[in-house]
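**Student:** Turn this into a model:
(one chain, ligands or ions: 1)
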Amino acid sequence: MKMTFRWFGAGQDPISLAEIRQIPGMTGVVTSLLDMPAGEAWPEERIKAMYDGIVAHGLEVEVIESVNIHEDIKLGAPGRDEKIENYIITMERLAKYGIKCICYNMMPVLDWARSHLYYNLPDGSNTMRYQAEFIANITPEALAERYAKESDTYEMPGWEPERMKKINEALAAYEGMTTETFYANMKYFLDAIIPVAEKLDIKMAVHPDDPPLPIFGLPKLIISRDNLRKYLDLNSNKNNGLTLCTGSLGAKKCADIPTMIREFGAEGRIHFAHVRNLKFENDTDFYESAHFSPCGSLNMYDIMKAFHDVNFTGWIRPDHGRMIWDETTKKGRPGYGLYDRALGAVYLQGLWEAIGRGKE
Ligand code: DNO
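**Tutor:** I've put the predicted structure just below:
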């Protein structure tokens, strides 16, 4: 495995590349051009500037998270072919700069969601929380407003005020859409891009819906072992693979993450991994805990052991962390402070080392 760190880009992240470089074992960053609207081709000079800025700090950039999918593609709307063409142009340009993996998601309308971005824990740290009842009783607009207030320095990706102006229209577009239609639209996209990905040697890694629970009546399809299987079967080429996100899939209490890693990992279909822990408060509610197994409900040893046993050679990143040691909203986007993620990265590498040594 290759340990990486998410970095939101120049001017988009209060954490510096110099800081990231100092985390033990860090090989590179996972990044994006956050301001590029979905559906547009990324200009080559922007990709070059991003690449040059990162490698100048002695870090690699092999994974992009994310190149977002335009709604027309998810909806199968008339504009989809043009957006798919632009997606392919972006892939070709990224390949020129050594990008080997693209993370994306098929979440309708919105990206990930939480009820609280900065929920106080008894130890004085704060973290993100998901309370199902809270979400069930709030409108998307009110939630977006809350995010804007709580995350006062950076916008939450997928919840930008501009997008929120058209939220009701966007939600309405999914009304009555069947699961079959949604899968067919995904297949249409995959069949167009996967042959290009194979040619360019880019691994496409779909990220599960986060949380894997119904929200604002939207269809949620990438949420469980069976759905992941179905998604992979839509196009059986190995370049069509997964971002195995332990926290997203693990937010369904019954999910058996190590078994999923063993199944999909043995088939070479996991290209990228987000590893984090969460602590269930009841069957549906959770907060995001430190990575260390005793702090949360997921067993990180079993998870890392499963990755090790399938000889996982892809990229891994510590996922969300708490805000600790006086980090404020100015020092990190929600869930993306420096210190707890750095601790997570080193802890995961410690497990990896011990698991490997135990096999000698
Ligand atoms: C949350 C992230 C997601 C992820 C995208 C992938 O923190 O894991 O926002 O980047 O959904 O497209």
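
**Student:** can you pull the buried residues of the one helix or strand in the chain whose mean pLDDT sits lowest?
**Tutor:** The weakest-scoring helix or strand in the chain, judged by mean pLDDT, DSSP states H and E, is helix 161-164 (a mean of 80). The neighbour-count check on helix 161-164 (16 or more other C-beta atoms under 10 Å) flags R163, M164 as buried. The way it works is simple: take the backbone N, C-alpha and C, and place the C-beta from them, glycine included.

**Student:** Could you do stretch 314-333 as well?
**Tutor:** Quick answer for stretch 314-333 (16+ other C-beta under 10 Å): 314-324, 327, 329, 331-333.

**Student:** In strands, which of those residues appear?
**Tutor:** Among the buried residues of stretch 314-333, DSSP state E puts W315, I316, R317, P318 in strands.

**Student:** between these, which is nearest the ligand?
**Tutor:** Nearest to the ligand out of these is R317 (C-beta to the nearest ligand atom; 9.2 Å).

**Student:** Could you report the pLDDT at that closest one?
**Tutor:** On the pLDDT scale, R317 is placed at 98.

**Student:** Skipping adjacent residues, who's closest to it in space?
**Tutor:** Spatial nearest neighbour of R317, excluding adjacent residues (C-beta to C-beta, 6 or more residues apart in numbering): T4 at 4.7 Å.

**Student:** May I have the phi/psi pair for that neighbour?
**Tutor:** The phi/psi pair for T4 (degrees, to the nearest 10) reads phi -130, psi 170.

**Student:** still on that earlier bit, give me the residues contacting the least confident helix or strand of the chain.
**Tutor:** P140, E141, A144, A148, E155, A170 (C-beta atoms under 8 Å, 6 or more residues apart in numbering).

**Student:** Run through who's touching the longest helix seen in the chain.
**Tutor:** Ranked by residue count and defined by DSSP state H, the top helix of the chain is helix 179-200. Contacting residues not belonging to helix 179-200 are listed as 69, 73-76, 80, 84, 87-88, 91-92, 95, 102, 106, 202-204, 219, 221, 230-231, 234-235, 237, 239-240 [C-beta under 8 Å, 6+ apart].

**Student:** dump the residue contacts of the residue positioned nearest the centre of the chain.
**Tutor:** The residue lying closest to the centre of the chain (C-alpha atoms, centre = their mean) is H207, at 5.4 Å. Shown in contact with H207 (C-beta under 8 Å, 6+ apart): E65, S66, C103, Y104, N105, I222, T243, C245, S248, H274.

**Student:** Look up how far the ligand lies from it.
**Tutor:** 4 Å (C-beta to the nearest ligand atom, to the nearest Å).

**Student:** Ok, I23 next?
**Tutor:** 18 Å.

**Student:** And for the residue nearest to that residue when sequence neighbours are not counted, the neighbour number?
**Tutor:** Nearest in space to I23, with sequence neighbours left out and distances taken as C-beta to C-beta, 6+ apart, is A342 at 4.7 Å. Neighbours of A342 under the rule other C-beta atoms under 10 Å: 20.

**Student:** Correct me if wrong: A342 contacts R21.
**Tutor:** No: A342 lies out of contact with R21 (C-beta atoms under 8 Å); the separation is 11.3 Å.

**Student:** what pLDDT does Y87 get?
**Tutor:** 98.

**Student:** Quick check: the gap between it and Y347.
**Tutor:** Using C-beta to C-beta, to the nearest Å, Y87 is found at 36 Å from Y347.

**Student:** So between those two, which is more surrounded?
**Tutor:** For Y87 versus Y347, the count of surrounding residues by other C-beta under 10 Å is larger for Y87: 27 against 19.

**Student:** Isn't the more buried one up against I64?
**Tutor:** No: using C-beta under 8 Å as the test, Y87 is too far from I64 to be in contact (11.9 Å).

**Student:** Need the overlap of contacts for the two.
**Tutor:** In contact with both Y87 and I64: no residue, using C-beta under 8 Å, 6+ apart.

**Student:** so I257 makes contact with I303?
**Tutor:** Yes: assessed by C-beta under 8 Å, I257 is found in contact with I303 at 5.7 Å.

**Student:** any common contacting residues for those two?
**Tutor:** With C-beta under 8 Å, 6+ apart, I257 and I303 have common neighbours T246.
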